[in-house]
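A.B. asks: Sequence plus predicted model, see below.
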Amino acid sequence: MSLHKTDKIRKRVRSDRNWGDGVTEDAKNLSSLDQQAFSALAEPYRRELQVHCYRMMGCVQDAEDMVQEMYLRAWRRRDTLADRQALRAWLYRIATNVCLDALDKQARRAVPVTYQPVSTLAEPIPPSIMESIWLEPYPDDWLVTSDDSPEQYLTTREDIALAFIAALHLLPPRQRAVLILRDVLNWPAREVASLLETSEAAVKSALHRARSTMAQQNAAAASELDDVAQDKLEAYVQAWETADIDGLLRLLKADATFSMPPIPSWYRGHDDIRTLTSRTVFSGEAKGRWHLLPTRANRQLAFGLYRQSDEPGAYIAYGIQVLTLDDGLIADITTFRNPALCGRFGLPMTDHSV
C-alpha cells in the first residue's frame with residue numbers, strides 16, 4: 001500500500017487562512033446563533049470527525065469523548081471563525097488539538113504485535129494488562145460511506161485498516177497528526193504548519209519520519225471480503241464452533257499471527273497456534289463452547305465472539321474478533337477480549353440464537 005496516496009478521490013479540506021484573523025460579518029452571525037442553530041451547522045461533520053479522533057486516539061470511547069470536547073470548544077469559540085465556508089477545516093483544527101492535548105497525558109495504544117516481540121510457548125502465557133494501552137476496533141456502521149454527504153471524507157479500507165491504525169500509534173502524537181492530515185486528509189503543508197504552530201519545513205521533516213516508520217511496519221490493507229469465498233468464511237465459523245483446530249489452520253497463512261488482548265503475548269505460525277489454542281480456547285471438551293456472529297470492523301471481516309454460559313442455549317459476549325485477510329487466507333486473528341465492544345457493534349450481550 002502506498003502511504004502517500006490512495007486510489008480514492010478525496011475532497012480537500014478548504015483552506016482556513018483567516019482563522020482567528022479578526023471578527024468578520026460571518027463571525028458576528030455565528031456568535032449570534034443559539035446552540036441549536038450552531039449544532040445544525042456543525043453536526044453533519046460528527047461522523048467523519050469521530051473517525052479522525054479514532055485515528056488519533058485508537059479507542060472508540062476516547063474518540064467519542066474527544067468529539068464531545070471539540071464541539072464544546074467550537075461552541076465557545078464560534079466568534080473566532082472568520083469564514084463560515086471554512087467551518088469544516090476549523091472543526092478539524094479544534095479536534096486535532098483536543099486529541100493532542102489528551103495524548104500528552106496518555107500512554108500510546110497498541111495491539112500485541114506492536115507492543116512486544118513475538119512470544120514462544122516455552123514461556124508461560126502472561127497475565128492480562130488491564131491498563132488502557134490497547135487499541136480497539138472501530139465499527140464499520142460508524143464509518144463514512146458513499147451514502148453519506150459527498151462533502152464528507154469517504155473512509156477507505158487503506159486508511160482505517162487495523163494494521164494501519166496500529167502503525168499510526170507507533171508514531172509520536174504530532175507525527176501522527178501530520179501524517180493523518182497530509183496523507184489521509186490531503187491538507188496542504190502550510191495548513192498543517194498553521195494548525196501545529198510550526199514551520200512548513202518542520203511539517204515536511206515530521207512527515208518524512210512518519211512515512212519511514214509506517215513503511216517499516218508494512219501496514220498493508222487487508223484484502224477485500226469479496227476476495228474470500230463464502231464457503232471459507234462458513235468453514236471458519238464452523239471451526240470455532242466445533243473446536244476444529246485442523247479446520248482452522250487450513251484457513252490460515254503459514255505465518256499467520258494470533259493474539260487476544262489484553263493478554264500481551266502473540267504467536268506466529270501453524271505449530272504455535274495449534275498448541276496455543278489446544279491449551280486455551282479449545283482446551284478440554286470445547287465443541288459448542290464458542291458462537292460467532294458476523295460483523296465488520298475497520299473495513300475488515302469481524303465477528304462477535306460469544307462463550308457458552310451456564311444457562312442452556314445462551315451465549316454471553318466475550319469480545320470482538322477481527323480478521324486480516326491476504327490472498328484468500330487469514331493472515332491475522334486479533335480477538336479483543338472486551339465484552340462491552342459487542343454492544344458498541346450493535347450486537348447482543350447475550351445470544352440465544354443457537
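C.D. replies: Now that the structure is in, tell me what you want to look at.

A.B. asks: What ranges in this protein fall below the confidence cut-off?
C.D. replies: 1-30, 145-154, 218-229 (pLDDT under 70).

A.B. asks: hey, where'd the helices end up in it?
C.D. replies: Remark: helices assigned in the chain by DSSP state H are 25-31, 35-42, 46-57, 60-76, 87-103, 112-115, 162-168, 173-179, 189-196, 200-217, 230-241, 245-249, 270-279, 340-344.

A.B. asks: which secondary structure elements does the longest one contact?
C.D. replies: When contacts are defined as 3 or more C-beta pairs under 8 Å, 6 or more residues apart in numbering; DSSP states H and E, helix 200-217 sits against helix 162-168, helix 173-179, helix 189-196. No exception for glycine: its C-beta is placed from N, CA and C like everyone else's.

A.B. asks: how about these in a markdown table, adding mean neighbour count?
C.D. replies: As requested, these are arranged in a markdown table below (neighbours: other C-beta atoms under 10 Å):
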| stretch | mean neighbour count |
| --- | --- |
| helix 162-168 | 24 |
| helix 173-179 | 23 |
| helix 189-196 | 20 |
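
A.B. asks: and of the ones you listed, who's closest to residue 205?
C.D. replies: Evaluated over the helices and strands packed on helix 200-217, closeness to residue 205 peaks at helix 173-179, with 9.3 Å, by C-beta to C-beta.

A.B. asks: can you give me how far the closest one is from the chain middle?
C.D. replies: On the basis of C-alpha atoms, centre = their mean, to the nearest Å, the separation between the geometric centre of helix 173-179 and that of its chain is 16 Å.

A.B. asks: This protein - how does it break down into domains?
C.D. replies: Structurally, the chain divides into domains by automatic domain parsing as follows: 25-217, 225-351.

A.B. asks: Stretch 279-287 spans what distance, first to last residue?
C.D. replies: According to C-alpha to C-alpha, to the nearest Å, stretch 279-287 extends 14 Å from its N-terminal end residue to its C-terminal end residue.

A.B. asks: ok, now stretch 130-140?
C.D. replies: By C-alpha to C-alpha, one end of stretch 130-140 lies 25 Å from the other end.

A.B. asks: Would you mark the buried spots in that stretch?
C.D. replies: For stretch 130-140, the neighbour count (16 or more other C-beta atoms under 10 Å) marks 133-140 as buried.

A.B. asks: sorry, back to before: for residue 249, find the nearest of the helices and strands packed on helix 200-217.
C.D. replies: helix 162-168 (21.6 Å).

A.B. asks: Pull out the C-alpha coordinates of the closest one and format them as PDB.
C.D. replies: C-alpha atoms of helix 162-168 as PDB (Å, rounded to 0.1, in the frame of the first residue of the first chain):
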ATOM      1  CA  LEU A 162      -6.300  -2.300  11.900                       C
ATOM      2  CA  ALA A 163      -2.700  -2.700  10.800                       C
ATOM      3  CA  PHE A 164      -2.700   0.900   9.600                       C
ATOM      4  CA  ILE A 165      -4.100   2.200  12.900                       C
ATOM      5  CA  ALA A 166      -1.600   0.100  14.800                       C
ATOM      6  CA  ALA A 167       1.300   1.500  12.800                       C
ATOM      7  CA  LEU A 168       0.000   5.100  13.300                       C
END
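
A.B. asks: From the contact counts, what lies against that helix?
C.D. replies: Using 3+ C-beta pairs under 8 Å, 6+ apart as the contact criterion, the secondary-structure elements in contact with helix 162-168 are helix 46-57, helix 112-115, helix 200-217, strand 315-326.

A.B. asks: closest to residue 94 out of the ones you listed?
C.D. replies: Evaluated over the helices and strands packed on helix 162-168, closeness to residue 94 peaks at helix 46-57, with 9.1 Å, by C-beta to C-beta.

A.B. asks: Give the other helices and strands that that closest one contacts.
C.D. replies: Packing contacts for helix 46-57, counted by 3+ C-beta pairs under 8 Å, 6+ apart, involve helix 60-76, helix 87-103, helix 162-168, helix 173-179.

A.B. asks: list the contacts for the spatially closest residue to residue 39 that is not a sequence neighbour?
C.D. replies: With sequence-adjacent residues excluded and distances taken as C-beta to C-beta, 6 or more residues apart in numbering, residue 39 is closest to residue 71, at 7.6 Å. Contact analysis of residue 71 by C-beta atoms under 8 Å, 6 or more residues apart in numbering lists 39, 42, 46.

A.B. asks: The second one against residue 90, yeah?
C.D. replies: When you say that, I think you mean residue 42. No - using C-beta atoms under 8 Å, residue 42 is not in contact with residue 90; the gap is 9.3 Å.

A.B. asks: Overlap in contacts, these two.
C.D. replies: Between them, residue 42 and residue 90 share these contacting residues under C-beta under 8 Å, 6+ apart: residue 74.

A.B. asks: ok, residue 109 - how many residues close by?
C.D. replies: Per other C-beta atoms under 10 Å, the neighbour tally for residue 109 reads 21.
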